[in-house]
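J.: how would this look folded up:
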Amino acid sequence: MPSALARRNLFGLAAAFACPLCTRATAAAAPAEFGYSGADGPEHWGELSSDYRVCGMGTQQSPINLTGAVKARLEYPSFEYKKVPLRVWNNGHTSLTSVPAGSTVKVANVTYKLLQFHFHHPSEHQIDGKASAMEVHFVNKAADGSFCAVGAFIAAGRGNPVLDAILKAMPSQPGPDMPVEGVTVDPMGLLPKNRSYFRYMGSVTTPPCPETVTWVVFRTPIEASQAQIERFAAVFPMDARPLQPTNRRVILESGG
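T.: Coordinates of the predicted model:
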């Protein structure tokens with residue numbers, strides 16, 4: 001791994017997506033490094049920068065344990081995710097795939113544009129206290145500045161060709177966003193066919209943890225081979241924020 005100084009220099013490049021839902025201006029104003037263990041681990045995020053205070057003081061933080069959900073008549077998300085040229089970025093915290101304009105999802109009559117998707121190992125959300133091997137997050141932004149994050153659990157099983165293409169191109173060290181010549185990927189290949197889902201109001205799961213996110217998390221996982229999971233884990237052994245208190249939030253589940 002690079003030295004602390006090198007990591008901080010790289011943060012200038014990675015800032016916009018180290019905080020996946022922040023603007024570049026916001027991220028540039030809050031350059032404090034963070035991690036997943038030790039002095040800069042999740043329990044200390046709120047102390048690392050004044051811009052990160054909500055990480056420790058917020059009441060609608062993510063991820064959460066998806067339990068006790070209320071069945072509701074929710075419309076299923078309408079996806080218009082398109083195949084895109086592969087661009088892979090190791091930002092020091094996860095592997096991100098940048099997405100050009102043109103892909104959208106409609107949730108609760110609001111249309112959001114897909115910005116990027118990335119992975120966590122193990123899963124950040126849980127269902128009834130049970131985690132999955134990994135989780136993929138799709139970061140989407142609406143015209144009014146609001147965000148919708150779509151999450152899908154990843155369980156060990158059959159190999160996933162979309163994930164395979166990403167893993168083959170994934171840098172082992174942090175660096176800038178890089179195109180992968182001649183390779184396209186279909187984000188739809190990382191979504192389950194069963195679209196039953198949970199919905200709740202929450203936050204970004206990395207600093208500065210703004211509570212501006214509508215979360216859609218599918219109940220049914222997609223699959224990846226054990227070898228694929230281990231390949232991601234070799235670069236990112238642990239990049240999952242611990243569960244946060246649900247507090248008084250209502251978790252809705254489709255199908256009521």
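
J.: just the helices from the stretch 51-200 of the chain, written as ranges.
T.: Secondary structure of the stretch 51-200 of the chain (DSSP state H, counting those that start in this stretch): helices at 53-57, 161-169.

J.: please name the residues that touch residue 150.
T.: 77, 105, 137-138, 140, 191, 216-218 (Cβ atoms under 8 Å, 6 or more residues apart in numbering). (C-beta placed from N, C-alpha, C; glycine too.)

J.: same check on residue 188?
T.: By Cβ under 8 Å, 6+ apart, the residues touching residue 188 are 79, 81.

J.: got phi/psi on the nearest residue to residue 210 once chain neighbours are set aside?
T.: Nearest residue to residue 210, sequence neighbours excluded (Cβ to Cβ, 6 or more residues apart in numbering): residue 204, at 5.6 Å. Phi and psi for residue 204, reported as degrees, to the nearest 10, are phi -70, psi 140.

J.: on contacts alone, who are the packing partners of the strand or helix carrying residue 228?
T.: Using DSSP states H and E, residue 228 sits within helix 226-235. Judged by 3 or more Cβ pairs under 8 Å, 6 or more residues apart in numbering; DSSP states H and E, helix 226-235 is in contact with strand 147-156, helix 161-169.

J.: can you check which of the helices of the stretch 51-200 of the chain gets nearest to residue 251?
T.: helix 53-57 (20.6 Å; Cβ to Cβ).

J.: could you pull up the mean pLDDT of the closest one?
T.: Averaging pLDDT along helix 53-57 gives 97.

J.: returning to that earlier point: any buried residues in the helix holding residue 228, and which?
T.: 228-229, 231-232, 235 (16 or more other Cβ atoms under 10 Å).

J.: contacts for the very next helix or strand once past it?
T.: With elements assigned by DSSP H and E, the helix or strand that comes after helix 226-235 is strand 252-254. With contacts defined as Cβ under 8 Å, 6+ apart, strand 252-254 is touched by 69-72, 74, 76, 195-200, 219.

J.: which of the residues in stretch 244-256 are buried?
T.: With burial defined by 16+ other Cβ under 10 Å, the residues of stretch 244-256 counted as buried are 244, 246, 251-254.

J.: mind giving me CSV with the residues you listed and columns for distance to residue 133 and pLDDT?
T.: As requested, those are exported to CSV (distance: Cβ to Cβ, whole Å; pLDDT from 0 to 100):
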residue, distance to residue 133, pLDDT
244, 21, 98
246, 23, 98
251, 22, 98
252, 26, 98
253, 22, 98
254, 24, 97
